[in-house]
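>>> need a structure here:
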Amino acid sequence: MAMQRVEKTVFISYRRVNAAWALAIFQNLTQHGYDVFFDYEGIGSGDFERVILANIDARAHFLVLLTPSALDRCSEADDWLRREIEHAIGARRNVVPILLESFSFGDAKVRKKLTGELAMLDRYNGLEVSPSYFLEAMGRLRARYLNVALQSVPHPVSPVAQQAAREQQAAAGKAPAIQQTELTAEALFQQLNKPIDVEADKQAAGWFRKAADVGNPYGMAGLGFLYATGRGGLQSDVEAAGWYRKAVEGGSARAMTGLGFLYLAGRGGFPQDEKQAIDWFRKASEAGDPRGMGNLGLMYEQGRGGLPKDDSEAVSWFRKAAEAGDALGMSNLGWMYEQGRGGLPKDDKQAVTWFRKAAEAGDATGMNNLGAMYEQGRGGLPKDEQQAVEWYRKAADAGHGGGMSNLGWMYEQGRGGLPKGDKQAVTWFRKAAEAGDATGMNNLGAMYEQGRGGLPKDEQQAVEWYRKAADRGSAEAKEALKRLRGGS
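Residues are numbered from 1 along each chain as shown. You can find the predicted model right below:
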């Protein structure tokens, strides 16, 4: 029997948000004599069959880069990552899952996504890779995971696919070497939409600055985000604008969304300009940023910046954002199902599905909405006030004003296993009010009017809070003002 030859040909499958990781692996393997293909510059959908799938067939090893959100869009039958994985499994390539950002096949949320042929993916030995031990992990990859012979012989590649491979390799070969700081910055950047962690933010600020200093777009965009949101000990709209600009020049789609936010609010030295905001949200969406997609949907839903008020278009963008892994997009899509808008049926079960996905992805609005569905026993959920309190508290702890208001109300009523306590209610109503929540302002006004929860009976304070709530659209506050001041 002839001995099988160990092939040094590799295909890298990845999401665009993990481009730095893909490039770093490409550079390392290329330096060690491997013939590596990955779609570096972007290959049109019309060439998918003859270029992408042909290059999978032509290579012995198939590396798939997996993060906690990488499989989110694999529910779509035509998702490229799904098709690449399924094709590699069917062609009996040596499939090696590269596990990034603490990805685990044992995670219940991950297992739900392993449907159809993807269910086989967790049978392959995965390699954990972190920025701190990248070179060590690459050594293990070459020595253990790629040092195997295949029973299935790679297919000859067509001239078209071969030329495409050479072009992608040439383009990737010109890219600067990826450093540990850049990989760390990319990994931390993907965590920014999760609930605030003060210490983690400070650590991220340091890594972002190191990465930004070597021109890394993730580092620049990360600094812009921290400066814009006042996290990580940073606070400056002007600095945020400057870093977002630099990141956009480096191709960062998230930085485009960041500029859109600044224009929308008239911050960072920019005039308040909804049309400019929309332009940046659209550019970000076209460049693949899920948050940009969600924001564009909101602008259509509200009919702002010269856009028509168009619920169908809003739903389309919310769905794109949600399916691309944006938690706020999931919440907004759930809300449209709850309301039955944009051509969607009024469907509480679908609403609950999307609220839960959003909540599990760290979105505070999704947590609050899921709590409300438990409180009311809707969407196939049991009426469970303790579960409602649990989700309201998670939302409140994540800084959501509505979650704070709802938690305060549950204390006021003594529901969901909470002791009946006006003082606790006032504490949460005040936090909600200070977070800009109209319901919290109205409820705080009511507590001042009635002199409850340790507050003095103070009509002037009550009117002040009712007025603030009314200015934010609270119908209850407007009625209270009419009663107390005759509408003055």
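>>> okay, now Thr115: neighbour count?
Residues lying near Thr115 (other Cβ atoms under 10 Å) number 12. Every C-beta, even on glycine, is put in place using the N, C-alpha and C of the backbone.
>>> How about it: what's its closest non-neighbour residue?
Spatial nearest neighbour of Thr115, excluding adjacent residues (Cβ to Cβ, 6 or more residues apart in numbering): Ser75 at 7.4 Å.
>>> so what's that neighbour up against?
113, 115, 323 (Cβ atoms under 8 Å, 6 or more residues apart in numbering).
>>> Closest one of the residues you listed to Gln27?
Lys113 (29.4 Å; Cβ to Cβ).
>>> hmm, back to that, using TSV, lay out the contacts of Ser75 together with pLDDT and secondary structure.
Shown next, in TSV, are the contacts of Ser75 (pLDDT from 0 to 100; DSSP: H, G, I helix; E, B strand; the rest coil):
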residue	pLDDT	secondary structure
Lys113	87	helix
Thr115	89	coil
Glu323	83	helix
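>>> For Trp243, state which of these is nearest.
Nearest to Trp243 among those is Glu323, at 28.9 Å by Cβ to Cβ.
>>> For Ile52, see how far away the closest one is.
Using Cβ to Cβ, to the nearest Å, one gets 20 Å for the distance from Glu323 to Ile52.
>>> Please identify which of those two sits among more neighbours.
Taking other Cβ under 10 Å, Glu323 and Ile52 do not tie; Ile52 has more neighbours (22 against 19).
>>> low pLDDT regions in the stretch 51-200 of the chain?
Residues of the stretch 51-200 of the chain that meet the criterion pLDDT under 70 lie in 150-158, 160-162, 164-165, 169, 172, 174-180, 182, 186, 190-191, 193-196.
>>> can you give me the helices for it?
54-57, 80-90, 108-113, 134-140, 159-173, 180-189, 198-213 (DSSP state H, counting those that start in this stretch).
>>> Any chance of a markdown table for these, columns distance to Gly297?
Putting those into a markdown table (distance: least, Cβ to Cβ, whole Å) gives the following:
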| stretch | distance to Gly297 |
| --- | --- |
| helix 54-57 | 34 |
| helix 80-90 | 23 |
| helix 108-113 | 23 |
| helix 134-140 | 37 |
| helix 159-173 | 33 |
| helix 180-189 | 22 |
| helix 198-213 | 27 |
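>>> Looking at these, spot the one closest to Glu360.
Checking the helices of the stretch 51-200 of the chain against Glu360 by Cβ to Cβ gives helix 108-113 as the closest, at 6.2 Å.
>>> Show me which positions of stretch 61-70 end up buried.
Neighbour-count burial for stretch 61-70 flags 61-70 (criterion: 16 or more other Cβ atoms under 10 Å).
>>> now swap in stretch 205-215 and tell me
Those buried within stretch 205-215 under the rule 16+ other Cβ under 10 Å are 205, 207-212.
>>> What pLDDT does the model give Lys309?
Lys309 carries a pLDDT value of 96.
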